[in-house]
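Asks: Turn this into a model:
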Amino acid sequence: MRLGVATASVTLDAVALPAAQCAGQRGCGEQAQRQRAEQVVRGFAETGRLNAVRVSSGLNSQLDLVDNDVRLLDARLTATNLAAEAARQRVALVLALGGGFSAESVQP
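Replies: Numbering: from 1, shown residues only. This next block holds a predicted model:
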């Protein structure tokens with residue numbers, strides 16, 4: 001019986017290590033993608049601030065503000081979707097490696 005436990009442990013390690021490496025490599029690309037999305041959000045937020053100054057000075061129309069707001073919301077949606085997908089993938093990895101969830105372990 002002792003041999004079975006050792007074999008199961010070695011098998012789990014053999015599966016867990018490549019899965020974690022794969023997730024790490026994929027996670028690096030996804031993390032860079034999320035960082036770029038956050039930079040885009042910050043850029044649109046700054047553009048919105050500058051457009052507001054230009055509108056108050058009479059150099060731009062309100063349409064420029066609305067257009068930027070639409071682009072800002074789209075960028076925020078993209079960033080949120082990327083973060084949600086990353087969380088889903090982490091949960092899937094934990095479950096694939098034999099992890100689970102129990103309501104008792106959650107502290108209210």
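Asks: Follow the chain on from the helix or strand of the chain with the lowest mean pLDDT and name the next helix or strand.
Replies: For the chain, the helix or strand with the lowest mean confidence is helix 2-56, at a mean of 72 (criterion: mean pLDDT, DSSP states H and E). Per DSSP states H and E, the first helix or strand lying C-terminal to helix 2-56 is helix 62-96.
Asks: Buried ones in that following helix, by neighbour count?
Replies: Residues of helix 62-96 classed as buried: Asp64, Leu65, Asn68, Arg71, Leu72, Ala75, Arg76, Thr78, Ala79, Leu82, Ala86, Leu93 (neighbour count, 16 or more other CB atoms under 10 Å). For the C-beta atoms, the positions are set from N, CA and C on the backbone; glycine is no exception.
Asks: Next: stretch 42-54.
Replies: Applying a neighbour-count criterion of 16+ other CB under 10 Å, one finds Phe44, Thr47, Gly48, Asn51 buried in stretch 42-54.
Asks: Done for today, thanks.
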